[in-house]
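[1] Next comes the sequence, and after it the predicted model I'd like to discuss.
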Amino acid sequence: MSEHCGEVLRLEGLRKSYNVGLPNEAEVLHGLDVRIDREDFAALIGPSGSGKSTLLNLIGLLDQPTAGELYLLGEPTRSMDDAGRTALRGQSIGFVFQFHHLIQAFSALDNVLMPLMLREGKPTKAAIERARGLLAAVGLEQYAQTRPNQLSGGQQQRVAIARALVTEPSLLLADEPTGNLDTRTAAEVFELLRSFSRDVGCAVLLVTHDPRLSEACDRTIDLVDGCIVTDSRRSHSAPTVRAPSRD
């Protein structure tokens, strides 16, 4: 068995600078070394300006590092062309951002199906059923044909989460995915991500400022001033984020 058989992501000496070669050149990430495996459900925390968004863009293959290497499913990506990165990203990574970025002219179901339609064309019956199942899992089965502008902000974010999961990615990147949700819905969404990670074998990297969420993850990576200052795993089961009662 390969040493890296469970590995989804590996960063080796990853650096990112802006304005390279100019007098105001600035390095934002300073030689990061991280490995994420399929069973990892990890929180990425750190103060504003620490480099979290820059790192997330690099991991999501939306930007390229200045130095070092980023391996996704064992593939070195730094020298890939745009087409190669786009294909690997579409096959392997799901995204949930703080803002949902839904297409207002399409139904909730069509928004969930969009990554598959971009990759494969007309969705199959199995794909449609998978999308409907994800809408049901986030509590929106009855809104499948509803357009986003007829949904609340929290409902739109749950559609975005279902969309990120429809491709059954190997790595889910979630940037404050519960930031616009009420406490109860946030807890339910967090447990949905947990279930998906466990049942499908998807690694999750969750950027959050909510200490309840980070403490409920199995691993916490703390990024400060572009450096990883701690990378800790819990030796016991992480606490569950409990939804408050409706009393």
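    Alright, I've got the coordinates.
[2] The chain: strands as residue ranges?
    Per DSSP state E, the chain carries strands over the ranges 7-18, 26-37, 41-45, 67-72, 75-76, 93-96, 171-175, 203-207, 219-224, 227-233.
[3] okay, and for this structure, where does confidence drop off?
    1-5, 98-99, 235-247 (pLDDT under 70).
[4] And the most centrally placed residue in the chain, how close does it get to K122?
    Closest residue to the average C-alpha location of the chain: L173 at 1.2 Å, with CA atoms, centre = their mean. In this view, L173 and K122 are 27 Å apart by CB to CB, to the nearest Å. Bear in mind the C-beta positions are built from the backbone N, C-alpha and C, glycine included.
[5] With S195 instead?
    Taking CB to CB, one finds S195 at 29 Å from K122.
[6] For the two, indicate the residue with more neighbours.
    Using other CB atoms under 10 Å as the criterion, S195 and K122 rank with S195 on top: 11 against 8.
[7] Helices along this protein, start to end?
    Here the chain has its helices, by DSSP state H, at 52-59, 82-92, 108-120, 125-137, 153-165, 183-196, 211-216.
[8] Can you give me the buried ones in the third one?
    By neighbour count, with 16 or more other CB atoms under 10 Å as the criterion, the buried positions of helix 108-120 are A108, L109, D110, N111, V112, L113, M114, P115, L116.
[9] now do the longest one
    Buried residues in helix 183-196, counting neighbours by 16+ other CB under 10 Å, are found at T185, A186, A187, E188, V189, F190, L192, L193, R194, F196.
[10] Go through those and name the one nearest A67.
    Closest approach between the buried residues of helix 183-196 and A67, by CB to CB: L193, at 32.1 Å.
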